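K.L.:
for reference, the sequence and a predicted model appear below.
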Amino acid sequence: TRYDNIDVSELEVLILDESDVLLDMGFEVTLTSILSRLPRMRRTGLFSATNTSGVKKLCVKSGMRNPVLVDVSVSAKQLKSSENNESEQQLAKKNQGQQATPSSLTNYYIISPLDEKLSRLLSFLRQHSQEKVIIF
């Protein structure tokens, strides 16, 4: 097959962004084929703006033994407006499943030459040592 000439024996991390979109576009067979050729001992990150059953199925197919779901949701307190007198419980029920980016989230990116990436990463981590960070 066309994948036979690619050596993935030392692959340690696999990241699939918008994995639900890949499935919706009909790439399930292709993804399953690729996943079957990858080393079993690896870290896999599947990212999606929505939580679909297809992504959960892909977790199993990708060999995840203990997948962890990270869900970013809006709390009832954040959704309450000053003019709205609904209770938190009513708001939570009404807005169940809505997701949004937390107002406290800050995104950064750095464009750098390959030979400077590690030093810039370490510098960034030092500058943000008191914060929670995810690096892509």
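P.N.:
Yes, it's here.
K.L.:
give me the three-state assignment for Thr44.
P.N.:
At Thr44 the chain is in strand, as set by DSSP: H, G, I helix; E, B strand; the rest coil.
K.L.:
Ser33 - how many residues pack around it?
P.N.:
Ser33 has 12 neighbours, counted by other CB atoms under 10 Å. (C-beta placed from N, C-alpha, C; glycine too.)
K.L.:
mind checking the backbone torsions on it?
P.N.:
The phi/psi pair for Ser33 (degrees, to the nearest 10) reads phi -60, psi -40.
K.L.:
Ser129 now?
P.N.:
For Ser129, the backbone dihedrals (degrees, to the nearest 10) come out as phi -70, psi -20.
K.L.:
check Val29 too.
P.N.:
Backbone torsions of Val29, given as degrees, to the nearest 10, read phi -60, psi -40.
K.L.:
quick one, grab the pLDDT at it.
P.N.:
Looking at Val29, its pLDDT reads 87.
K.L.:
how many neighbouring residues does it have?
P.N.:
Each residue near Val29 was counted by other CB under 10 Å, and the total is 8.
K.L.:
so which residues of this structure form helices?
P.N.:
In the chain, the helices defined using DSSP state H lie at 19-24, 28-37, 53-61, 76-79, 88-94, 117-127.
K.L.:
lowest average pLDDT across the ones you listed?
P.N.:
Looking at those, the bottom one is helix 76-79 with a mean of 48.
K.L.:
excluding chain neighbours, give the residue nearest to Leu35 in space.
P.N.:
In space, and not counting its chain neighbours, Leu35 is closest to Ser62: 5.1 Å by CB to CB, 6 or more residues apart in numbering.
K.L.:
err, Cys59, not the other one
P.N.:
Using CB to CB, 6+ apart, the closest residue to Cys59 is Pro67 (4.4 Å).
K.L.:
returning to that earlier point: quick one, what contacts the residue nearest to Leu35?
P.N.:
14, 35, 44, 46 (CB atoms under 8 Å, 6 or more residues apart in numbering).
K.L.:
one step back: turn the helices of the chain into TSV, including distance to Asp7.
P.N.:
Shown next, in TSV, are those (distance: least, CB to CB, whole Å):
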stretch	distance to Asp7
helix 19-24	23
helix 28-37	11
helix 53-61	22
helix 76-79	48
helix 88-94	50
helix 117-127	23
